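Participant: any chance you could fold what I've pasted below:
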Amino acid sequence: MRHLVAWRKLNRTSEHREALRRNMAQNLFERGQITTTLAKAKDLRPFVERLITLARKARAGSLRARQRLISLLGDRAVIPQEYQEQYEEMSDAARTRALRSRSGRRHRLGQARGGQKFTAVSVVHHLIDNVAARYEDRPGGYTRVIRLGTVHRGDNAPLAVLQLVGEEESPGTVTRPEKTARQRQTERRYAFAAKAIRRTTRPGASTGAEEQGDSAIAATETPEAGEVAPPAGESGPDAPAS
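Facilitator: The predicted model follows:
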């Protein structure tokens with residue numbers, strides 16, 4: 001029995017476990033959602049909820065909440081998502097200028113100065129000003145865990161997605177896909193068959209076989225060349241004389 005054993009150990013030491021939570025929380029606040037194992041997502045969720053609560057208090061003006069937030073989360077510099085591709089293509093010297101000023105001090109507010117197109121922003125500043133601002137009127141429940149139908153390669157652990165509430169993508173307007181040439185041809189065939197069925201089932205209409213039979217009977221009744229048709233009052237050569 002696991003009496004007096006709180007939380008999940010995740011097969012790690014306490015220092016490694018704290019560093020893992022801190023790194024995953026920073027990635028979650030930076031990207032909005034992360035994909036990890038189900039055990040890690042469940043272990044990280046209450047830690048992230050606590051950080052967002054502290055960020056809301058720090059946004060309200062609590063210095064103690066801000067200091068506690070920095071001690072738990074750290075103050076890593078992150079690059080905004082819209083400039084991530086440009087940052088990856090830059091040289092090491094240009095990356096250093098985007099992360100630190102000439103004095104060696106780290107950029108924390110993300111305000112581009114000194115001819116820079118963009119600079120890094122502090123993850124704590126991003127959490128307080130951007131993430132916590134979306135949940136001012138929400139009493140709790142800032143994250144959700146969505147289980148995936150796949151497993152982790154190697155240890156066969158179930159995977160899950162941990163995301164911030166409100167970061168999910170909207171499906172947008174639902175439009176039907178364009179029909180293929182085969183679908184259009186099939187629809188034309190069905191429409192032609194339905195029209196033919198309605199034409200034959202119409203009262204007073206004759207089928208094609210009946211029309212062919214009537215034409216054959218008319219051909220047999222017409223006199224051949226050289227024969228004289230009987231008078232109007234006689235029906236044939238064997239008719240009795242009047």
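Participant: so where's the chain uncertain?
Facilitator: Within the chain, the stretches falling below the threshold (pLDDT under 70) are 114, 167-176, 204-242.
Participant: show me which helix runs longest in it.
Facilitator: For the chain, the helix that runs over the most residues, judged by DSSP state H, is helix 38-59.
Participant: and the next helix or strand after that helix, how far out from the chain's middle?
Facilitator: Scanning the chain past helix 38-59 towards its C-terminal end, the next helix or strand to appear is helix 63-73 (assignment: DSSP states H and E). Relative to the centre of its chain, helix 63-73 is centred 36 Å away, using C-alpha atoms, centre = their mean, to the nearest Å.
Participant: if you count neighbours, what's buried in helix 63-73?
Facilitator: Within helix 63-73, the residues scored as buried using 16 or more other C-beta atoms under 10 Å are 65-66, 68-69, 73. For every residue, glycine as well, the C-beta is placed using N, CA and C.
Participant: what's the angle from the longest helix of the chain to helix 63-73?
Facilitator: 150 degrees (axes from the mean of the first three to the mean of the last three C-alpha atoms, to 10 degrees).
Participant: packing partners of helix 38-59?
Facilitator: Helix 38-59 sits against helix 14-31, helix 63-73, strand 143-151, strand 158-164, with contacts defined as 3 or more C-beta pairs under 8 Å, 6 or more residues apart in numbering; DSSP states H and E.
Participant: tell me what the shortest one is packed against?
Facilitator: The one in question is strand 158-164. helix 14-31, strand 33-37, helix 38-59, strand 143-151.
Participant: can you tell which of those is closest to Gln84?
Facilitator: helix 14-31 (9.7 Å; C-beta to C-beta).
Participant: any chance you could give me the closest one in CSV, C-alpha atoms only?
Facilitator: Included here for helix 14-31 are C-alpha records, laid out as CSV according to Å, rounded to 0.1, in the frame of the first residue of the first chain:
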residue,chain,number,x,y,z
SER,A,14,13.3,15.1,-6.6
GLU,A,15,15.7,17.5,-8.3
HIS,A,16,15.2,15.9,-11.7
ARG,A,17,11.4,15.9,-11.2
GLU,A,18,11.3,19.6,-10.3
ALA,A,19,13.5,20.5,-13.3
LEU,A,20,11.2,18.4,-15.6
ARG,A,21,8.1,20.2,-14.3
ARG,A,22,9.7,23.6,-14.7
ASN,A,23,10.8,22.9,-18.3
MET,A,24,7.5,21.4,-19.4
ALA,A,25,5.6,24.3,-17.8
GLN,A,26,7.8,26.8,-19.6
ASN,A,27,7.1,25.0,-22.9
LEU,A,28,3.4,25.0,-22.2
PHE,A,29,3.2,28.7,-21.6
GLU,A,30,5.3,29.4,-24.6
ARG,A,31,3.4,27.2,-27.1
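Participant: which residues are contacting it?
Facilitator: With contacts defined as C-beta atoms under 8 Å, 6 or more residues apart in numbering, helix 14-31 is touched by 9-10, 12, 34, 36, 40, 43-44, 47-48, 51, 72-74, 76, 78, 81, 123, 126-127, 131, 143, 162-164.
Participant: now that helix: buried residues?
Facilitator: Result for helix 14-31 [16+ other C-beta under 10 Å]: buried residues 17, 20-22, 24-30.
Participant: CSV for these, including distance to Arg105?
Facilitator: As requested, those are exported to CSV (distance: C-beta to C-beta, whole Å):
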residue, distance to Arg105
Arg17, 32
Leu20, 29
Arg21, 28
Arg22, 23
Met24, 27
Ala25, 24
Gln26, 20
Asn27, 24
Leu28, 27
Phe29, 22
Glu30, 21
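Participant: so Leu51 is in contact with His126, correct?
Facilitator: No: contact status for Leu51 versus His126: not in contact, 12.0 Å apart, counting by C-beta atoms under 8 Å.
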